[in-house]
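> with the sequence up front, the predicted model follows.
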Amino acid sequence: MRKITVLDRILFLITAIVAGNKIVSGMDQHSVLSTGFYTVSFGVLVLASIMLILFGFELLTNRFVPVVTTLIPITLSLGLVHDYIPKMTFSYSILLGLLYLISVWVRFTATEKTAALVLALVHGLSGMLLFVLPVVLVTQYGLPLQLLLVSLGGLIIGLEGIFLTLQKMGFLKMSLNTVFGRFPIMLLLATFAFVSGLHI
């Protein structure tokens, strides 16, 4: 198991500061419901970063941690949907909510591989929307290019989540230490992208 370094802790601290600043600085340009969704996602980022500073990468091996961290792409995508296609908010939230509850149930009842596969489905669906929707909004509806940073953040956090899931399932030859080694900078870059992309 890779031991957390001083640099890793600094990167996690910066991530917590960036995400926390987004929460406290206000999100007046978003609706009340979207602000709630974004607050949850950035709040989980703050909490996860602080916990990683305190407990190191061993925290990521806990089988229940992904259940919480998956809330990041879920709530971010819900906020994005409510901002730009509000008519889809209810149906999309019901779909994600059901899938998320199933993933929690499977986490307690099924094998590690099955639980990781179901959680990857939820993570992948929300991550795909985070990537695709901003691209459509910019290319088809002329929204500011800055919104594409949300796509970049979704791509970064999605790939890292996929790598971690595949490694746990034994489908990835890359060592866990390698995945953990780049996790701090990937999380920071994704957070910067989300914060910058949503500031329009």
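Cool, got the structure.

> show me where this structure has helices.
Taking DSSP state H as the test, the helices found in the chain are 6-24, 32-55, 65-69, 71-84, 89-109, 112-141, 148-169, 176-198.

> deepest-packed of the ones you listed, please.
helix 71-84 (a mean of 24; mean count of other C-beta atoms under 10 Å). In this view, the C-beta of every residue, glycine as well, is placed from N, C-alpha and C.

> how far off helix 89-109 does it point, in degrees?
Helix 71-84 runs at 170 degrees relative to helix 89-109, counting by axes from the mean of the first three to the mean of the last three C-alpha atoms, to 10 degrees.

> chain center to helix 71-84, what's the gap?
How far helix 71-84 lies from its chain's middle: 10 Å, per C-alpha atoms, centre = their mean, to the nearest Å.

> got it, and stretch 175-187?
Offset of stretch 175-187 from its chain centre (C-alpha atoms, centre = their mean): 15 Å.

> repeat for stretch 67-86
9 Å.

> average model confidence for it?
Across stretch 67-86, the average pLDDT comes to 90.

> cool, and stretch 100-114?
Here stretch 100-114 scores 81 as its mean pLDDT.

> same deal with stretch 143-163?
So the average pLDDT for stretch 143-163 ends up being 87.

> repeat for stretch 184-200
Rounded mean pLDDT across stretch 184-200 is 91.

> identify all contacting residues around that stretch.
Applying C-beta atoms under 8 Å, 6 or more residues apart in numbering, the external contacts of stretch 184-200 come out as 7-8, 11-12, 14-15, 18-19, 21-22, 27, 29-30, 38, 41-42, 45, 49, 52, 76, 79, 134, 143-144, 146-154, 156-157, 159-160.

> hey, C-alpha coordinates of stretch 110-128 in CSV?
Extracted in CSV, the C-alpha atoms of stretch 110-128 (Å, rounded to 0.1, in the frame of the first residue of the first chain):
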residue,chain,number,x,y,z
ALA,A,110,-23.0,-9.1,-2.9
THR,A,111,-19.4,-9.8,-3.6
GLU,A,112,-16.8,-7.1,-4.0
LYS,A,113,-16.6,-7.5,-7.8
THR,A,114,-20.4,-7.4,-8.2
ALA,A,115,-20.7,-4.3,-5.9
ALA,A,116,-17.9,-2.6,-7.8
LEU,A,117,-19.6,-3.3,-11.2
VAL,A,118,-22.9,-1.9,-10.1
LEU,A,119,-21.3,1.2,-8.6
ALA,A,120,-19.3,1.7,-11.8
LEU,A,121,-22.6,1.7,-13.7
VAL,A,122,-24.0,4.5,-11.6
HIS,A,123,-20.7,6.4,-11.6
GLY,A,124,-20.4,5.9,-15.4
LEU,A,125,-23.9,7.1,-16.1
SER,A,126,-23.5,10.3,-14.2
GLY,A,127,-20.0,10.8,-15.4
MET,A,128,-21.1,10.4,-19.0
